[in-house]
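1. Predicted model follows, preceded by the sequence.
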Amino acid sequence: DLGFSPDSKTLASASADATVKLWDLSGDTPVERGTLTGHTDSVTRVAWSHDGSLLASGSWDGTVRLWTPDGQEKGTLRGANKRK
C-alpha cells in the first residue's frame, strides 16, 4: 500500500518486511527519508490524517501504529485482526 501526505511531499510505502518507508518527493528525484520499525508482521495499509500530522500503519501483527511525519511513534492500537 502507498499513501501520499496531504501536501504530496512525502510518500509512505507499506512493506512485507514489517516496515514503512518514508520517501521525500520534494525534489526532482525521490529520496528515502527513513524506515519506520515496530511491527512484527507485514504492513498492509498506510494512511495519513487529513492535516498530515499523523500517519497510521496497519499490520498483520494485529496492530495499528501511529507516527509523526518525522517518524516518531505516537502510539499503538492493539486488537485488530491478526493473520489467520
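-> The structure has been received and is ready for your questions. Numbers count the residues shown, from 1 in each chain.

2. Verify the contact between Val46 and Phe4 for me.
-> No - the pair Val46 / Phe4 is not scored as a contact, 9.9 Å apart, by Cβ atoms under 8 Å. C-beta: built from backbone N, CA, C; applies to glycine.

3. who has more neighbours, those two?
-> Val46 (23 against 15; other Cβ atoms under 10 Å).

4. Provide a list of residues in contact with that one.
-> Counting by Cβ atoms under 8 Å, 6 or more residues apart in numbering, Val46 touches Asp1, Leu2, Gly3, Ala12, Ser13, Ala14, Val20, Leu55, Ala56, Ser57, Gly58.

5. could I get stretch 5-16 in PDB with only the CA atoms?
-> Extracted C-alpha coordinates of stretch 5-16, given in PDB (Å, rounded to 0.1, in the frame of the first residue of the first chain):
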ATOM      1  CA  SER A   5       0.900  13.100   2.500                       C
ATOM      2  CA  PRO A   6      -1.700  15.800   2.100                       C
ATOM      3  CA  ASP A   7       0.900  18.200   0.800                       C
ATOM      4  CA  SER A   8       2.200  15.500  -1.600                       C
ATOM      5  CA  LYS A   9       5.800  16.000  -0.400                       C
ATOM      6  CA  THR A  10       6.100  12.600   1.400                       C
ATOM      7  CA  LEU A  11       5.100   9.100   0.300                       C
ATOM      8  CA  ALA A  12       4.700   6.300   2.800                       C
ATOM      9  CA  SER A  13       5.100   2.800   1.500                       C
ATOM     10  CA  ALA A  14       3.900  -0.300   3.400                       C
ATOM     11  CA  SER A  15       6.200  -3.400   3.200                       C
ATOM     12  CA  ALA A  16       6.100  -7.100   3.700                       C
END
